[in-house]
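> quick one: sequence plus predicted model below, questions after.
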Amino acid sequence: MKYWVRAWWYDLLWYVATPFIAAYLLWRGRKQKEYLQHWRERWGFYSIVVERPLIWVHAVSVGETQAAQPLIEALLQAYPEHRILLTHMTPTGRATGERLFGDRVQRAYLAYDYPCATARFFKHFQPVLGIVLETEIWPNLLRQAQKHRVPMALVNARLSEKSARKAARWGGLMQEALRSLRLIAAQTPADAQRLYALGAQDVVVTGNLKFDVAPDEALRALGQQWRAAIDAQQTRPVVLAASTREGEEALILEKLPALAADALLVLVPRHPQRFEEVAQLLQQQGIPFARRSQWQPGQAIPASVRVWLGDSMGEMTAYCSVCDAAFIGGSLLPLGGQNLIEACAVGKPILLGPHTFNFAQASEQAITAGAARRVDDATMMMTFANRILQHPAKQESMASAALVFSRQHRGATQRTLAQLKNLL
């Protein structure tokens, strides 16, 4: 199919999808009222007073925003005369940006990839440089960047085999988008090869920015408060199930009786709109549980509590700090896994399910380093969690390996910044 035909179909799909997009935002707004806010921005209508010169960074949601933190800090230091605009697609990403940077950056939603909406975005903000993170390759956005002469960089780029197959269906449209980028900085050589296969040119491998995110000391201290609340002597074992996705909690809770009888399971769903759903699941199964949102400083978590529900956002470092071993969610089911680097950075033994294609190289490297262990299912997860809890030497060995693994892979921020300097 010719390029212009693919482009025509692509644009048509966006216009046809408009009522469904609006319905989706309304539906999500039932549980997260933030989805009902700033609608005009999503269609390219902005009222923000722009301060120029402006460097624009796009981080779609929470994970990308956290990954962008060391790069944005470096940009603020290297270019103090520039203002930073940070855009997102989700309310949780926007809230994370506000928590991390306050008023040091400007924030907005990025317009959906309609030709007219993306044109309005560039006309309003007129950035001198655009930086998009990880997987955000939008054909109309990049085409409008060219029209407005804005150099664009894709940094911390990753592309799984599954995503590469989907992108290949758009053929020349995806190739044109990739070739319009002035810089592509990939996380790994495998990501670079898949980007080359789609038509990218001059891809550089700079590593993963997430390794450069320093653990928040205030959150680590909060984790220690929780640990004291769980057990003043800090002898009660704690296992974390972090960033679990829909369907995984039921699998984990089904096998909960296999976990050491005195252990506390800290269960942290990935998405805040599912907190109530998971609480209801715990109630239905008659599992004694307490909620992070109801905890107050100085309050003890009773020994009768079997599960502590982590129903809060922006506190993953604290959750990782409180545990003896961490299972990383999104990996029991074929969802690609979630970020394991945060748990490694605070020195915790890691358990991973069979599906980690979104973090393939980091997962395999962590396993090779002795920081992580692959498990096939929830039964095996409980088995190896018990082994870690019962063998302090094994726990210490994996924890030390996690710290070493995390430290050895730092440096992506400076390598990326060095590449970006050529575009400013």
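Received the coordinates, thanks. None of the values given here were measured: they were computed from a predicted structure.
> low pLDDT regions in this structure?
For the chain, applying pLDDT under 70 flags the ranges 1-5.
> from the centroid of it, which residue is nearest?
Computing the C-alpha centroid of the chain and ranking residues by Cα atoms, centre = their mean puts residue 63 first, at 1.9 Å.
> could you say which helix or strand contains it?
Following DSSP states H and E, one finds residue 63 within helix 62-78.
> quick one, what contacts the residue nearest to the centre of the chain?
With contacts defined as Cβ atoms under 8 Å, 6 or more residues apart in numbering, residue 63 is in contact with 338-339. Using the backbone N, CA and C atoms, a C-beta is placed for each residue, glycine as well.
> list the buried residues for the helix holding residue 63?
Neighbour-count burial for helix 62-78 flags 62-76 (criterion: 16 or more other Cβ atoms under 10 Å).
> ok, now stretch 111-127?
111-115, 117-122, 124-125, 127.
> part of a strand, is residue 85?
Yes. Under DSSP: H, G, I helix; E, B strand; the rest coil, residue 85 falls within a strand.
> tell me the contacts of it?
Residue 85 sits in contact with 50, 54-57, 105-108, 125, 127, where contact means Cβ under 8 Å, 6+ apart.
> looking at those, which is nearest residue 321?
The closest of those to residue 321 turns out to be residue 105 (Cβ to Cβ; 27.0 Å).
> now do the closest one against residue 122, distance only.
Residue 105 is 18 Å from residue 122, where distance means Cβ to Cβ, to the nearest Å.
> ok, residue 53 next?
From residue 53 to residue 122 the distance is 14 Å (Cβ to Cβ).
> ok, residue 141 next?
To residue 122, residue 141 is 9 Å away according to Cβ to Cβ.
> in stretch 177-185, what counts as buried?
177-178, 180-185.
> straight-line length of it, end to end?
Its first and final residues considered, stretch 177-185 spans 15 Å by Cα to Cα, to the nearest Å.
> and for stretch 50-65?
Start to finish, the residues bounding stretch 50-65 are 21 Å apart (Cα to Cα).
> can you list the buried residues in that stretch?
Buried, per 16+ other Cβ under 10 Å, within stretch 50-65: 54-65.
> show me how this structure divides into domains.
When the chain is parsed with automatic domain parsing, its domains come out as 37-208+411-423, 217-408.
> now the ones you listed as JSON lines including distance to residue 19?
As requested, these are arranged in JSON lines below (distance: least, Cβ to Cβ, whole Å):
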{"stretch": "domain 37-208+411-423", "distance to residue 19": "13"}
{"stretch": "domain 217-408", "distance to residue 19": "22"}
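> how about residue 385, what does it touch?
Per Cβ under 8 Å, 6+ apart, neighbours of residue 385: 239, 259-260, 263, 325, 327, 351.
> just give me the neighbour total for residue 420.
22 (other Cβ atoms under 10 Å).
> assign a three-state SS to it, would you?
Using three-state DSSP, the structure places residue 420 in helix.
> was I right about it contacting residue 151?
No. With contact defined as Cβ atoms under 8 Å, residue 420 does not count as touching residue 151 (9.4 Å).
> so who does the nearest residue to residue 230 once chain neighbours are set aside touch?
Leaving aside its sequence neighbours, residue 230 sits nearest to residue 301 (Cβ to Cβ, 6 or more residues apart in numbering; 4.9 Å). By Cβ under 8 Å, 6+ apart, residue 301 lies in contact with 226, 229-230, 264, 290, 295, 308.
> how far away is the nearest residue to residue 60 once chain neighbours are set aside from residue 135?
Among residues not flanking residue 60 along the chain, residue 89 sits closest, at 4.6 Å (Cβ to Cβ, 6+ apart). Plainly put, residue 89 is 12 Å away from residue 135 if you go by Cβ to Cβ.
> how close does the residue nearest to the centre of the chain sit to residue 82?
25 Å.
> now swap in residue 30 and tell me
Distance check for residue 30 against residue 82: by Cβ to Cβ, it reads 39 Å.
> over to residue 33?
33 Å.
> when the two are compared, which one has more neighbours?
Between residue 33 and residue 82, counted using other Cβ under 10 Å, the more crowded position is residue 82 (18 against 10).
> wait, what's in contact with the more buried one?
Contacts for residue 82 were tallied using Cβ under 8 Å, 6+ apart; they are 53-55, 75, 128.
> ok so, going back, overlap in contacts of residue 420 and residue 151?
With Cβ under 8 Å, 6+ apart, residue 420 and residue 151 have common neighbours 129, 183.
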